[in-house]
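Undergrad: quick one, what's the 3D model for this:
(chains A, B and C)
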Amino acid sequence: MLLEAQNVAKAFGDFHAVAGADLSVDEGDIIGLIGPNGAGKSTFFNCLAGDTTPTGGRISFAGQDVTTASPEAHARLGVGRTFQVPATFEDMTVLDNVMVGAFLRHPHRRDAREHARGIVELTGLNSVAHSRARSLGTPGRKRLEIARVLATNPRLMLLDESLAGLTPTELQEAIKLVRRIHEMGVTIVIVEHIMEVIMTLTRRVLVFNQGHVIASGKPEDVVKDETVITAYLGHGSRRHRSET
Amino acid sequence: MLFLQVIVGGLLLGAIYALFSSGLTLIWGMMNFINFAHGEFVMLGMYVSLLVVVWLSGGPAAFGFAAAVALFVLGVIIYAGLIRHVMRGPMLAQILSTFGLALLLRYTAFFIFSANFVSLPQTSLSGTIDVGGILMPLAQLVSGVLAIVLTVGLHFMLTRTTIGSRLLAVSEDRNAAMLMGIRPNRMQALAWGLSAGAAGIAGALMAISYPWSPSVGETFGLTAFVVVALGGFGSVPGALYAGLIIGLIQAISAFWLGPIYKDIVVYALFVALLWLRPQGLMGKA
Amino acid sequence: MKKPSVVRPKILLLAACLLIYPLVFSDAFYRDIGVTFLLAAISASAWNIVGGYAGQVSVGHSMFYGIGAYAPLLFYQLWGWPPMFGIPIGIVCSLLLAIVIGAPTLRLTGHYFSMATIAVAELIRIFTGTWDLVGAAIGLQGPAVARGWWDLTFRGELPYYYIFLGVLAVLLYVTYAIERRRFGYYLGAIKAGERAARSLGVPVRKTKIEALMLSATFTSIAGSLYSIKTGFIDPESGFGILISVQMVIIAALGGAGTLFGPLVGALILIPLQTATNTWFGGSGSGLTYILYGGIIVLIARFEPGGLFELWERIAPARWKSGHAA
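TA: Modelled structure (predicted):
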C-alpha cells in the first residue's frame, strides 16, 4: 500500500468540505477522482498533499503517518501535486521552473540542470525551455506544472484537473504524457471532469459527492451506477424543482 | 478622579482612532490591500480643517464636512489613478504604491505648511464641562461621541443597506458580483472614498483638540495598523472595540510611564499581536 | 543560464569606472557624492536579497542599519574601542534580531510582513531615543582625531571610497553566487508563489530566514560604515524610516531582484538627491522626499520591474546582456 487515507475529514466552520473519505492506492495504480463541482475533490487533494491539515482521519504514505506533515515534507517523501489553477513561477523561464523541482534531489546546479533538461525534453517543452512561464498559454502551463512535479522524482503524482481546457489534439498529447509517466513507474491519482480521460487512463474510479465517496470501481461500471447518475443529474433536477 | 479623567480622555481619543481605522479595515477586508498612506489621509483632513477655518472662517460643522468631502474625492481619485492599476500586480508594486503616496503627501504638506506644529483657533466647542466631577473639554467629548456614531453608522451602512451589500458582494466574489450587474470598479472606488473620507473627518475631529504637524500621519498610520490587527482585518466593529482599547492603553501608559512611552507600548503590543495571532484577535480571519 | 561573453567586458568596464572615478574627480564634493553613492548601493543591494530576490518587502530595514551604525560608536564611547570592532558586534546583534523578528513575521506574507517590519523599526527608533546608554535623542559620537589607522577615521574621502567599493564588490559577488545556486532559485520560487514552492519541496521558512539573515548582515555593515565615516549617529539617522525608504526606492528604481538594479538605482537617485539639496538649499530635503514619493508611485504604477525591465523591453537586442537566447 503506497497511500492510505482513512476517514479523512475537513471542515471549514460548519461547512464539511470532506466528510470522511477513504482512499487506498497501491504502487503502480492509476486512479481517477470524479464528482460534481464543489464535491470536495480539491480539498481532499489538498489534504493528501499536506497543503491543508485534515480536521479528522488519518493519512499514511509508504507506511509513514503524514496526516499533519507539511507540503515540503510530502514532496521530500515523494508526493507531488499539480494545482487546478496552474501556479507556475511566471517570471522564471520554463527550464528554471523545472529546475526548482529538480533541486529537491539534485542540490548542485549542474546536476539539477541536467535532470531538468531531461524532463523538459520528455514533457515536450523543449521549444519553449527558455521562454518565461507567463508567455505560455494554459495548456503549456499545465504541462509545465506536470514537468516541475516530475522533476522532484515523485512516487505518487496528484494531478488536479491537469488536462482540463485542452483542445482535442492537446488532450490526446496530454493523455499520452500521463500514460508515459505512469509507465515510468509513477503512481497517479487524477481529478478530472472529462470522462474520456478517466475512461482511457484509469483502472479505478472514485466518485465524490458532498464530501463523501459515493461509489468506486472500474470506470465502465461506475458510469452506469445509479447513485452516480443521480449525483450528477440530481444537481440539475434539484435546481429544476426549486424553480417550479 | 484624575485617573478617571485619563481613562475617559483615552476612550474619547480611542473613538477617533476607531473611526479612521475603520476606513483602513474596510479596504483591507474588501481588497486584501493595506494602505500605507492612510495616516496621511488623517493628516490631510486636519489641514483641510485649518484652511476652512482660516480662509472661510468656517465652524466645526463646516470644516468637518469639508474634510470628509475633500478626502472622499481624493480617495476616489487615488483609486482610479493608482490603486486600480496596481492591485493585481506584483506585491512590490502594491506595497510601493501607497508607500510612495504616503511620502508624497507627507512631504508635500511639509513643503507647503512647514514642519511646525499648528492648531486650530478657538472654536465654538471650546471650554470644558463637568460630567459628574470629571472635567472634560467639550470638544473632545463631542468629537469622541461623534466618532463612535460615525463608526457605528459606517458599520450599519455596510451591513444594512443596498450599497453595503453590493460592497460586500464585490469583496466576497468579484466575478459573481459582476454577473449580478454590480460594477466592481465603482464599488471599490466608493470604498476608497469612504475609507479616505472616514480618515478625513477623523482628522477634522482631532484637529479641534490637538495640535499637529505633517509628520503625525506616520504615527496615525501605524496606530491604525495596530487597531486593525487587534480588531481583526476587515472588521468595522472590531476596529471600534480595538480603537477604544488602544486609546485607553495609550492614555494609561502615558499617565504611568510618561508620554514618550505611549507609542512604545502600542507598537510593542502590535508586534506581539502579529507574532501570536496574525489574523487579528477578534475579527474574522 | 550561460551568459554570452559580452557580459564580462561590461563588468570590467564598470569596475574600472568605479575605480578611477575619485582620481578623475578629485574635488571633495564629487568624492563625497561617490562615497554616498557607494553606501546607498551597498544598503540597497543588501535589502535586495530579501526584498528583491525573495520578494519579502521589508520597509523596516533601518532596524539592521541602525544597529550596525550604533555598535561601533557605542563601544568607542563606552570603552574606547576602535570603531571597527563594533562591526562584527553589530552583525551579531542584527542576526539575532533577524531571527527573532523573522521567525514570526516571515510566517506572514505580503502586506503583513511589511507592516510588521515598519512597526519593529519604529519601535526600536523611539526606544533608542529614550535610552540614555546609547545617547538617547542626542546620539553618539566617534573619535574626533584618529589614534591610528585602526580607528578608520580619515581626513579625506578617498580611503572611505575604496573601503566602500570593496564591500560593494564582495556583496555583489555574494549576490551573484546566490543567483547561480539552489538558494537563489528557491528565493525566486518563494517570490513567485509560496504554495507552489512548498509543493515542490522548497523549505520556505528556512530559506526566507536565511535570506533575511544574509540581508541583515550586509545592511548592518552598511550602517557601521556610515557611522564610522560620519563619526556621529542619532535615532533618526540610524533607525529613521527614510533610511528604509531609500533602500527600497533605489532597489526598485533600478530593478528589484536583479544583480545590478540597486547600482543603477543609486546611480540615478544619489546625484538627483544631491542636486535637489544643492539647488533648493534648506527646503531641499522636503523636495527630495516629494521626489522620492513621486518616483516610487510612478515605478509602482508603470514599471514595477524597474528600469532594468524597461531596458530589457525597449533596448535593441544586441545591447542586451542578460538572458540566454
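Undergrad: list the contacts of the residue in the stretch 201-325 of chain C positioned nearest to chain A.
TA: With Cβ to the nearest Cβ as the measure, C:Gly201 is the residue of the stretch 201-325 of chain C nearest to chain A, at 3.3 Å. Where C-beta positions appear, they are placed from N, C-alpha and C, glycine not excepted. Counting by Cβ atoms under 8 Å, 6 or more residues apart in numbering or on different chains, C:Gly201 touches A:Glu72, A:Ala75, A:Arg76, A:Gly101, A:Leu104, A:Thr152.
Undergrad: let me know the closest of the residues you listed to C:Ile233.
TA: Using Cβ to Cβ, A:Glu72 comes nearest to C:Ile233 of these, at 41.4 Å.
Undergrad: give the contact list for that closest one.
TA: A:Glu72 sits next to C:Arg198, C:Gly201, C:Val202, C:Pro203, C:Val204 when contact means Cβ under 8 Å, 6+ apart.
Undergrad: 7 Å - rerun?
TA: Applying Cβ atoms under 7 Å, 6 or more residues apart in numbering or on different chains to A:Glu72 gives the contacts C:Arg198, C:Gly201, C:Val202, C:Pro203.
Undergrad: so whichever residue of chain A sits closest to chain B, which of the three states?
TA: Proximity to chain B, evaluated over chain A using Cβ to the nearest Cβ, is greatest for A:Asp91 at 8.7 Å. Per DSSP: H, G, I helix; E, B strand; the rest coil, the secondary structure class of A:Asp91 is coil.
Undergrad: how deep is it tucked in, by neighbour count?
TA: A count of nearby residues for A:Asp91, using other Cβ atoms under 10 Å in any protein chain shown, gives 17.
Undergrad: for whatever helix or strand C:Phe183 lives in, packing partners?
TA: In the assignment (DSSP states H and E), C:Phe183 maps to helix C:182-192. Judged by 3 or more Cβ pairs under 7 Å, 6 or more residues apart in numbering or on different chains; DSSP states H and E, helix C:182-192 is in contact with helix A:94-102, helix C:204-230.
Undergrad: out of those helices, which is the most enclosed?
TA: Of all the helices and strands packed on helix C:182-192, helix A:94-102 has the most neighbours on average by mean count of other Cβ atoms under 10 Å in any protein chain shown, namely a mean of 28.
Undergrad: for the residue of the stretch 201-325 of chain C closest to chain A, which non-adjacent residue is spatially closest?
TA: Excluding the flanking residues, the one nearest C:Gly201 by Cβ to Cβ, 6 or more residues apart in numbering or on different chains is A:Ala75, at 3.3 Å.
Undergrad: please confirm that the residue of the stretch 201-325 of chain C closest to chain A is located within a strand.
TA: No: C:Gly201 is assigned coil when assessed by three-state DSSP, not a strand.
Undergrad: so what's it scoring on pLDDT?
TA: C:Gly201 is assigned 95 on the pLDDT scale.
Undergrad: again with C:Ser321
TA: In this prediction, C:Ser321 has a pLDDT value of 52.
Undergrad: and the gap between the closest residue to C:Thr217 other than its chain neighbours and C:Pro72?
TA: Distances taken as Cβ to Cβ, 6+ apart put C:Ile91 closest to C:Thr217, at 5.3 Å, once the chain neighbours are dropped. To C:Pro72, C:Ile91 is 11 Å away according to Cβ to Cβ, to the nearest Å.
Undergrad: which of those two has more neighbours?
TA: Between C:Ile91 and C:Pro72, counting by other Cβ under 10 Å, C:Pro72 is the more crowded of the two (30 against 22).
Undergrad: for stretch A:57-76, buried residues please.
TA: Using 16 or more other Cβ atoms under 10 Å in any protein chain shown as the test for burial, stretch A:57-76 gives A:57, A:59-61, A:66-67, A:69-75.
Undergrad: also stretch C:261-277?
TA: C:Gly261, C:Pro262, C:Leu263, C:Val264, C:Gly265, C:Ala266, C:Leu267, C:Leu269, C:Ile270, C:Gln273, C:Thr274, C:Thr276.
Undergrad: and the helix or strand encompassing the third one with chain B, contact?
TA: Pointing back at C:Leu263 there. Per DSSP H and E: C:Leu263 is located in helix C:261-280. No: for helix C:261-280, no contact with chain B is found by Cβ under 7 Å from any Cβ of the partner chain; the gap never falls below 9.8 Å.
Undergrad: which among the contacts of A:Glu72 gets closest to A:Ser131?
TA: C:Val202 (22.3 Å).
Undergrad: tell me the first helix or strand C-terminal of the one helix or strand B:Val52 maps to.
TA: Here B:Val52, judged by DSSP H and E, is contained in helix B:38-56. Using DSSP H and E, the helix or strand that directly follows helix B:38-56 along the chain is helix B:60-78.
Undergrad: next, the buried residues of that next one.
TA: B:60, B:63-64, B:66-68, B:70-72, B:74-76, B:78.
Undergrad: ok, now which ones touch the residue nearest to C:Thr217?
TA: By Cβ under 7 Å, 6+ apart, the neighbours of C:Ile91 are C:Thr217, C:Ser220, C:Ile221.
Undergrad: ok, the second one - contacts?
TA: In this structure, C:Ser220 makes contact with C:Phe64, C:Ile67, C:Gly68, C:Gly90, C:Ile91, C:Ser94, judged by Cβ under 7 Å, 6+ apart.
Undergrad: can you give me the pLDDT of it?
TA: Note for C:Ser220: predicted pLDDT of 97.
Undergrad: all helices of chain B, in order?
TA: All helices of chain B, identified by DSSP state H, fall at B:2-31, B:38-56, B:60-78, B:84-86, B:91-113, B:138-160, B:162-172, B:174-179, B:184-209, B:216-231, B:236-257, B:261-276.
Undergrad: show me which residues of chain B are close to chain C?
TA: So far as Cβ under 7 Å from any Cβ goes, chain B lies against chain C at B:34, B:82, B:85-86, B:89-93, B:95-97, B:99-101, B:103-104, B:107-108, B:110-111, B:218, B:222, B:225, B:260, B:263-264, B:267-268, B:270-271, B:274-275, B:278.
Undergrad: just the buried residues of these.
TA: By 16+ other Cβ under 10 Å, the residues of chain B next to chain C give B:34, B:82, B:86, B:90-93, B:95-97, B:99-101, B:103-104, B:107-108, B:110-111, B:218, B:222, B:225, B:263-264, B:267-268, B:270-271, B:274-275, B:278 as buried.
Undergrad: which ones, among those, also lie beside chain A?
TA: Within those, nothing lies near chain A by Cβ under 7 Å from any Cβ.
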